[in-house]
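Asks: Coordinates for the following, if possible.
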Amino acid sequence: MGGDHGPIVTLAACRQFLDKHEDAELLMVGLPAALAGFSHVRATIVPASEVVGMDDPLEIALRKKKDSSMRVAINQVKDGAAQAAVSAGNTGALMAISRFVLKTIDGIDRPAISGLVPNAKGEATMVLDLGANVDCTAEHLLQFAVMGSALVSVLRNNETPSVGLLNIGEEDIKGSEVIKQAGELLRAAAAAGDLNFFGNVEGNDIFKGTVDIVVCDGFVGNVALKTTEGAASMFGNFLKAEFSRNIFTRMAAICAYPVLKAFKFRFDHRRHNGAALLGLRGLVFKSHGSADVMAFENALGRAYEAAKHDLLERVKSRIAHAAPLLNRNQTIISP
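Replies: As a prediction, this is how the structure comes out:
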């Protein structure tokens, strides 16, 4: 029911997803009247009487609308009826409801939103946190790095993805005290075999693809994400304006079309839609609210891959392995 377009997009995406994944089943949660026209042998309609609006305050979504499609969907994961939940709805509400219903994994203080940003290598850089936690301690950033490593190991079959700590420079002496402490923890975690720490990285390294994972607090991560989306949109509008100006720009457009088509494909954020809410005792994925059919289908596919390859157990295992360092750090920095 969520997103800017609702069932017009999500239902079409669900049908395409089911056609491509013959071993998958979907529980379609929403208002029965809105889903009445959908029928598939591997899809079941799960009724909900309410919908969380994109502008609903968290208190309304969490405390008042207890039979919302979002709440019912998360309950499917809690009860074991579903292995993962996907929503294009209100991000804040989704995080709040998921955390309230599912709780966090032992050893995790705060869940994080992780997402993929297209890079120059034709792949994507995993960035977390993208907005769930504005203020983070060094320990939180270490937790994000461990969880992000588990996610990338599932999505790319890479057990030792490289992790970079977002900073204002590569040198260890740069950054705030929290960033410096996080760097020390990440280096200690790398020495203990908990992750593959590359070192400090800067903002442009996200787009270069210097590392597989970039760790930062939610404020910085959200700004980076929105800047990326805005730049891509502005570039597209600029090209349209320039190539429609006169006959010469139209001719240039024809000559440059193959290059522009490749560029558009490489940096198409729809290919990487589906942000994982990591750190919960269940799999939840957030689709972009403006997702079209292709983008929402990709979000479903990302959740499918995470469930199929036991992402939740991998996160738990990696956190348990890093527990001595996390506990030791907590003892040191706690007031």
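Asks: quick one, helices of the stretch 1-150 of the chain?
Replies: For the stretch 1-150 of the chain, the helices defined by DSSP state H, counting those that start in this stretch occupy 7-20, 32-35, 58-59, 69-78, 91-102, 138-156.
Asks: Let me see the mean pLDDT of the shortest one.
Replies: Predicted confidence along helix 58-59 averages 92 (mean pLDDT).
Asks: For it, name the packing helices and strands.
Replies: helix 91-102 (3 or more Cβ pairs under 8 Å, 6 or more residues apart in numbering; DSSP states H and E). Just so you know, the C-beta spots here come from the backbone N, C-alpha and C atoms, and that holds for glycine as well.
Asks: returning to what we had before: give me whichever of the helices of the stretch 1-150 of the chain is most buried.
Replies: For these, the largest average neighbour count (mean count of other Cβ atoms under 10 Å) is found in helix 138-156, namely a mean of 24.
Asks: mind exporting that one as PDB, just the C-alpha atoms?
Replies: The C-alpha trace of helix 138-156 is given here as PDB (Å, rounded to 0.1, in the frame of the first residue of the first chain):
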ATOM      1  CA  ALA A 138      32.300   4.800  17.800                       C
ATOM      2  CA  GLU A 139      30.800   1.500  18.900                       C
ATOM      3  CA  HIS A 140      27.700   2.100  16.700                       C
ATOM      4  CA  LEU A 141      29.900   2.700  13.700                       C
ATOM      5  CA  LEU A 142      31.700  -0.600  14.400                       C
ATOM      6  CA  GLN A 143      28.400  -2.400  14.600                       C
ATOM      7  CA  PHE A 144      27.400  -0.900  11.300                       C
ATOM      8  CA  ALA A 145      30.600  -2.100   9.700                       C
ATOM      9  CA  VAL A 146      30.100  -5.700  10.900                       C
ATOM     10  CA  MET A 147      26.500  -5.800   9.800                       C
ATOM     11  CA  GLY A 148      27.300  -4.200   6.400                       C
ATOM     12  CA  SER A 149      30.000  -6.800   5.900                       C
ATOM     13  CA  ALA A 150      27.400  -9.600   6.400                       C
ATOM     14  CA  LEU A 151      25.000  -8.000   4.000                       C
ATOM     15  CA  VAL A 152      27.600  -7.600   1.200                       C
ATOM     16  CA  SER A 153      28.800 -11.100   1.700                       C
ATOM     17  CA  VAL A 154      25.300 -12.300   0.900                       C
ATOM     18  CA  LEU A 155      24.600 -10.000  -2.100                       C
ATOM     19  CA  ARG A 156      28.000 -10.400  -3.700                       C
END
